[in-house]
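Colleague: with the input below, show me the fold.
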Amino acid sequence: MAIALDVVKDVYRRFGEGDISGFLSLCADNIEWVVNGPESLEKCRAYKGRDGVQEFLRILDTVVTRCWPRERYIGCGRRRGKRRCFWRIL
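Modeller: Down below sits the predicted model:
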């Protein structure tokens, strides 16, 4: 079993290489991808499932021209009663 940090690194690697199908394969079937921000922006909402994440990535592709650096990862824990891994660019 892979440790969470390895999975997060693999997610970033695949995303950075443009391997979107590989990136999506690492997402849980019931993933909920939440983008916070004003409701007036199309991308700021919750996306459910892999199809939802893929929809968000299509929207993101229209507004972001390059990938950000993968500097630091922060770990795993419980959030809202569920075990989750999370990361942040620092």
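Colleague: so Tyr47, which state does it fall into?
Modeller: When classified by DSSP: H, G, I helix; E, B strand; the rest coil, Tyr47 comes out as strand.
Colleague: also the one 4 residues further on?
Modeller: With three-state DSSP as the basis, the three-state label of Asp51 is helix.
Colleague: that one: neighbour count?
Modeller: Residues within reach of Asp51, counting by other C-beta atoms under 10 Å, total 10. In short, each C-beta sits where N, CA and C put it, glycine included.
Colleague: for Val8, same thing?
Modeller: If you count neighbours by other C-beta under 10 Å, Val8 ends up with 20.
Colleague: so it is in which element?
Modeller: helix 4-16 (DSSP states H and E).
Colleague: which elements pack onto that helix?
Modeller: helix 20-25, strand 82-85 (3 or more C-beta pairs under 8 Å, 6 or more residues apart in numbering; DSSP states H and E).
Colleague: mean confidence (pLDDT) on it, please.
Modeller: What helix 4-16 shows for mean pLDDT is 85.
Colleague: and it, what's buried?
Modeller: Buried residues in helix 4-16, counting neighbours by 16 or more other C-beta atoms under 10 Å, are found at 4, 8, 11-12, 14-15.
Colleague: could I get these as TSV with distance to Cys27?
Modeller: As requested, those are exported to TSV (distance: C-beta to C-beta, whole Å):
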residue	distance to Cys27
Ala4	14
Val8	12
Val11	8
Tyr12	13
Arg14	11
Phe15	11
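Colleague: between the helices and strands packed on helix 4-16, which gets the lowest average pLDDT?
Modeller: Mean pLDDT is lowest for strand 82-85 out of the helices and strands packed on helix 4-16, coming in at a mean of 58.
Colleague: now Glu42: closest residue in space that isn't a chain neighbour?
Modeller: Leaving out its chain neighbours, the residue that sits closest to Glu42 by C-beta to C-beta, 6 or more residues apart in numbering is Ile59, at 6.1 Å.
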